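>>> Next come a sequence and a model predicted from it.
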Amino acid sequence: MSTSVAATPVVVAIDGPSGTGKSSTSKAVAARMGMRYLDTGAQYRAITWWMLHAGVDIDDPRAVAAAAGKPSIVSGTDPLAPSITIDGTDVAAPIRGERVTGAVSAVSAVPEVRTLITDLQRSIAAEADGGIVVEGRDIGTTVLPDADVKIFLTASPEVRAARRSAEVSGRAGAPAAGGADVAATQAALLRRDAADSGRKTSPLAKAGDATEVDTSELTLEQVIECVVTLIEERGRR
Ligand SMILES: Nc1ncnc2c1ncn2[C@@H]1O[C@H](COP(=O)(O)OP(=O)(O)O)[C@@H](O)[C@H]1O
Ligand SMILES: Nc1ccn([C@@H]2O[C@H](COP(=O)(O)OP(=O)(O)O)[C@@H](O)[C@H]2O)c(=O)n1
């Protein structure tokens, strides 16, 4: 197992659709390699939470654009304790709720939102002295096109929905996920994939120079090892 701090700051971009293992893999890789970690999805979720909270009509892109610059988002990049606040409020828990998940694709499709959050992501990456693993949808294509290592994670819709359902039903107070729940989760994931891949500005896409890893048949540990190996190989070049 590698525990060394990256010799030169390495920037790693990990993209892919929901449930492919981006967050779990990125956090573990960053922790093992002494790097920072940035969950860009959490930032889009936080601004979506704020819009809903502020009563902004998220189906009106002009209203979303006009409000986008108002809140201040702060992302903590310790992979062992990532955090997210908006205007000083800790929103780590509420941004995972169904309401935000159902609204986030509409908010994140608004170009003014993307410009603001992309600038924030670039400044966080630029300040990460020990290197950083940044995960999202457009990191390798748009946010950090010069990243040292680019990875695009995939998995079958069935596997992704099963993972997500198990995760949600494992939360305190949640009912166990039955077959119908998994089917509904899969339908919601595919709707979000379609919205994220189909938007005009910086859609979910694999960068031409990204390595694609299908995680359907891999354990989380195998995916982590695969990414660590790709980073170490890049370091030897
Ligand atoms: N390779 C894997 N095998 C089994 N479960 C996994 C694997 N990768 C991730 N998971 C689990 O699937 C769920 C979703 O993973 P997550 O990392 O949040 O994906 P993403 O960030 O791509 O949406 C989590 O509960 C995680 O523990
Ligand atoms: N770089 C990114 C990251 C997320 N997003 C948006 O934010 C949403 C939530 O991202 P997430 O990574 O938290 O989603 P999950 O994979 O955890 O379900 C996505 O569905 C996209 O709409 C984006 O547009 N660009």
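Thanks, I have the structure now. Numbers count the residues shown, from 1 in each chain. Ligands and ions are numbered 1, 2, ... in the order given.
>>> Please identify the helix or strand for the closest residue to L38 other than its chain neighbours.
Computed as Cβ to Cβ, 6 or more residues apart in numbering, the closest residue to L38 that is not its neighbour in sequence is V134, at 4.5 Å. (Each C-beta comes from the backbone N, C-alpha and C, glycine too.) Following DSSP states H and E, the helix or strand that holds V134 is strand 132-136.
>>> Direction included, what does that strand pair against?
strand 11-15 (parallel), strand 36-39 (parallel) (DSSP bridges).
>>> Check whether the shortest one comes into contact with ligand 1.
So the one you mean is strand 36-39. No - if you take Cβ under 6 Å from any ligand atom as the test, strand 36-39 misses ligand 1, and the best it gets is 7.8 Å.
>>> gap between that strand and the chain center?
Centroid displacement of strand 36-39 relative to its chain, using Cα atoms, centre = their mean, to the nearest Å, is 9 Å.
>>> Also the longest one?
The chain centroid and the centroid of strand 11-15 are separated by 10 Å, computed with Cα atoms, centre = their mean.
>>> Would you tell me what the next helix or strand after that strand is?
helix 22-33.
>>> Please tell me how far that next one is from the chain's geometric centre.
For helix 22-33, the distance to the chain centre is 12 Å (Cα atoms, centre = their mean).
>>> got a list of contacts for it?
With contacts defined as Cβ atoms under 8 Å, 6 or more residues apart in numbering, helix 22-33 is touched by 1-6, 10, 12, 14-16, 35-37, 39, 41, 79-80, 82, 131-136, 153, 220, 223-224, 227-228, 231.
>>> Just the buried ones from those residues?
Neighbour counting over the contacts of helix 22-33 (16 or more other Cβ atoms under 10 Å) leaves 6, 10, 12, 14-16, 35-37, 39, 41, 79, 82, 131-136, 153, 223-224, 227-228, 231 as the buried ones.
>>> restrict the residues you listed to contacts with ligand 2.
G41, G136.
>>> Now do the closest residue to A161 other than its chain neighbours against ligand 1, distance only.
Nearest residue to A161, sequence neighbours excluded (Cβ to Cβ, 6+ apart): Q186, at 3.5 Å. From Q186 across to ligand 1, the span is 13 Å (Cβ to the nearest ligand atom, to the nearest Å).
>>> ok now the helix or strand Q186 falls within, how far from the chain's centre?
Per DSSP H and E, Q186 falls inside helix 179-198. How far helix 179-198 lies from its chain's middle: 16 Å, per Cα atoms, centre = their mean.
>>> Likewise for stretch 73-83?
Distance of stretch 73-83 from the chain centroid (Cα atoms, centre = their mean) equals 13 Å.
>>> hmm, who's touching it?
Here stretch 73-83 makes contact (Cβ under 8 Å, 6+ apart) with 26-28, 30-31, 35-39, 42-43, 46-47, 84-86, 90, 92, 117, 120, 124, 128, 132-133.
>>> coming back round to it: residue contacts, the residue nearest to A161?
Q186 neighbours (Cβ under 8 Å, 6+ apart): P157, E158, R160, A161.
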